[in-house]
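Engineer: structural data only, the sequence is not supplied:
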């Protein structure tokens with residue numbers, strides 16, 4: 001993936017993205033701003049739900065984790081057999097139209 005997290009325009013918090021769900025947009029913003037840019041040196045990364053909770057600057061709810069699993073089922077995130085999520089091209093494409 002050639003698109004770095006910082007290449008995504010998040011000023012509008014991804015409103016109007018192809019995620020088509022505000023909750024997904026909020027999670028995407030968390031992944032991009034809070035984790036990928038600020039804590040992972042502007043790189044995409046794989047993460048478990050526990051790592052996501054540890055890296056976020058807010059208290060992550062169980063509903064938020066359920067929504068991440070939904071995002072994986074819809075192809076925005078990849079969920080592997082080791083319990084790690086990773087960004088897909090579909091995630092990036094959804095962000096770029098915002």
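Structural biologist: Nice, thanks for sending it over. This one's a predicted model, so the numbers in the text were calculated from it and none came from an experiment.
Engineer: from here on, contacts and neighbour counts on C-alpha atoms
Structural biologist: OK.
Engineer: tell me the pLDDT at the residue nearest the centre of the chain?
Structural biologist: By C-alpha atoms, centre = their mean, the chain has its centre lying nearest to residue 28, at 3.4 Å. On pLDDT, residue 28 comes in at 93.
Engineer: for residue 4, see how far away it is.
Structural biologist: Relative to residue 4, residue 28 is positioned 14 Å away (C-alpha to C-alpha, to the nearest Å).
Engineer: sec struct for the residue lying farthest from the centre of the chain, please.
Structural biologist: Distance from the C-alpha centroid of the chain peaks at residue 81, with 18.7 Å (C-alpha atoms, centre = their mean). Assigned by DSSP: H, G, I helix; E, B strand; the rest coil, the conformation of residue 81 is coil.
Engineer: isn't residue 36 right up against residue 42?
Structural biologist: Yes: here residue 36 reaches residue 42: they are 5.2 Å apart, a contact under C-alpha atoms under 8 Å.
Engineer: between these two, which is the more surrounded one?
Structural biologist: Between residue 36 and residue 42, counted using other C-alpha atoms under 10 Å, residue 36 has the larger neighbour count: 20 against 16.
Engineer: residue contacts, the more buried one?
Structural biologist: If you count contacts by C-alpha atoms under 8 Å, 6 or more residues apart in numbering, residue 36 has them with 5, 42, 43, 44, 45.
Engineer: distance check, the nearest residue to the third one once chain neighbours are set aside against residue 28.
Structural biologist: It stands for residue 43. Among residues not flanking residue 43 along the chain, residue 36 sits closest, at 5.5 Å (C-alpha to C-alpha, 6 or more residues apart in numbering). As for residue 36, its distance to residue 28 is 10 Å (criterion: C-alpha to C-alpha).
Engineer: now residue 97
Structural biologist: To residue 28, residue 97 is 13 Å away according to C-alpha to C-alpha.
Engineer: one more: residue 3?
Structural biologist: Taking C-alpha to C-alpha as the measure, residue 3 falls 15 Å from residue 28.
Engineer: having no further points to raise, I will conclude here.
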